[in-house]
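Participant: I would like to see how this sequence folds:
(one chain, ligands or ions: 1)
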Amino acid sequence: MDINFGSLIKLQKLDEEIKKLSIFLENVPARLAEIDNKIETSFKVVTIAKDKFTHNQKKRRDLEGEVQDQKIKMEKYRKQLSGVKTNIEYTSLLKELAGVERIIGQLEEGIISEMLEADDIENDIKTSEKKANEAKQQLLKEKDVYLQENQANEKEREELQSEREKLIPGIHDDQMSLYLNIFRKNFGIALSPVTDDFCSMCQIRIRPQVINELIAQNSIILCENCGRILYWKSK
Ligand SMILES: [Zn+2]
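Facilitator: So this is what the prediction gives:
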């Protein structure tokens, strides 16, 4: 039987390259999702700062509302002041008024501090937004390069596959099914070159008699240890 070792070796090389490209292509969706995730993460800081700003504004409005309440109270005391009849009442109302004024003072201090904080937060928003947008641009560029690479790989795989299709008719059916069988069992490597008297895949020593048969290339010889198709490869 004619054995076309050259074609088998070429088939093996093509299959290895196709496998490598397939692994890359299989990872594409995960890699793209990872890039999108990174973009999203870079905007999380912005969201946090914006939430902080919303919270700050609410707190300020609450404080302003409290000031209004206190002012209404103050107004009420002032009106009462004009109608008091006793000294005790008068003193007690003045005391109440002083208390309200103190509370208003404290609330207004709180408002000022919220306003100052708002300035800081607004700066944070601007800075983080700028950073996130820069990161996004960079990541989108990365994605673009990756997609181009991906396209090139897809094209290359198609070319290799069509090369493979052309090769198959030149390989005897029995040898092809043997190759595929071993290919499946041995993680995509069906052939093993023998150099230095060893099976290069499993490192077992090959008997000299077998080496002679390999050099003669008249039959298919499988490695006794790993079961792969052996072929002689001179150094
Ligand atoms: Zn072996």
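
Participant: give me phi/psi at residue 222?
Facilitator: Per-residue torsions, residue 222: phi -100, psi 150 (degrees, to the nearest 10).

Participant: bridging residues for it?
Facilitator: Beta bridges link residue 222 to residue 229, judged by DSSP bridges.

Participant: please, which helix or strand holds the residue most central in space within the chain?
Facilitator: With distances taken as CA atoms, centre = their mean, the residue of the chain nearest its centroid is residue 34 (1.9 Å). Secondary structure from DSSP states H and E places residue 34 in helix 28-82.

Participant: that helix packs against which elements?
Facilitator: Applying 3 or more CB pairs under 8 Å, 6 or more residues apart in numbering; DSSP states H and E, we find helix 28-82 packed against helix 87-167. Every residue, glycine included, has its C-beta placed from N, CA and C.

Participant: follow-up on the earlier one: and the angle for the helix holding residue 34 with helix 87-167?
Facilitator: Taking axes from the mean of the first three to the mean of the last three CA atoms, to 10 degrees, one finds that helix 28-82 is oriented at 170 degrees with respect to helix 87-167.

Participant: can you list the domains in the protein?
Facilitator: 5-170, 173-232 (automatic domain parsing).

Participant: how long is the shortest one end to end?
Facilitator: End-to-end distance of domain 173-232: 22 Å, with CA to CA, to the nearest Å as the criterion.

Participant: any residues touching stretch 141-152, and which ones?
Facilitator: Stretch 141-152 is contacted from outside by 24-25, 28, 31-32, 35, using CB atoms under 8 Å, 6 or more residues apart in numbering.

Participant: whoops, I mixed them up, stretch 81-94
Facilitator: Under CB under 8 Å, 6+ apart, the answer for stretch 81-94 is 77, 80, 97.

Participant: ok, of these, which come out buried?
Facilitator: Neighbour-count burial within the contacts of stretch 81-94 applies to 77, 97; the criterion is 16 or more other CB atoms under 10 Å.

Participant: close to the ion: what parts of this protein are there?
Facilitator: 199, 201-202, 223, 225-226 (CB under 5 Å from the ion).

Participant: which one of the residues you listed is nearest to residue 60?
Facilitator: Checking the residues of the chain next to the ion against residue 60 by CB to CB gives residue 201 as the nearest, at 73.3 Å.

Participant: what number of residues lie near the closest one?
Facilitator: Neighbours of residue 201 under the rule other CB atoms under 10 Å: 19.

Participant: before we move on, what about the one 4 residues further on?
Facilitator: For residue 205, the number of neighbouring residues by other CB under 10 Å comes to 12.

Participant: before we move on, what about residue 100?
Facilitator: 20.

Participant: one more: the one 5 residues further on?
Facilitator: Other residues lying near residue 105 total 12 when counted by other CB under 10 Å.

Participant: what stretches of the protein score poorly on pLDDT?
Facilitator: Flagging of the chain using pLDDT under 70 yields the residue ranges 1.

Participant: ok, residue 191 - contacts?
Facilitator: Residue 191 makes contact with 8-9, 12, 179, 228-231, according to CB under 8 Å, 6+ apart.

Participant: at 10 Å what do you get?
Facilitator: 5, 8-9, 11-13, 15-16, 179, 182-183, 200-201, 223, 228-231 (CB atoms under 10 Å, 6 or more residues apart in numbering).

Participant: ditto for residue 118
Facilitator: 52-53, 56-57, 59-60.
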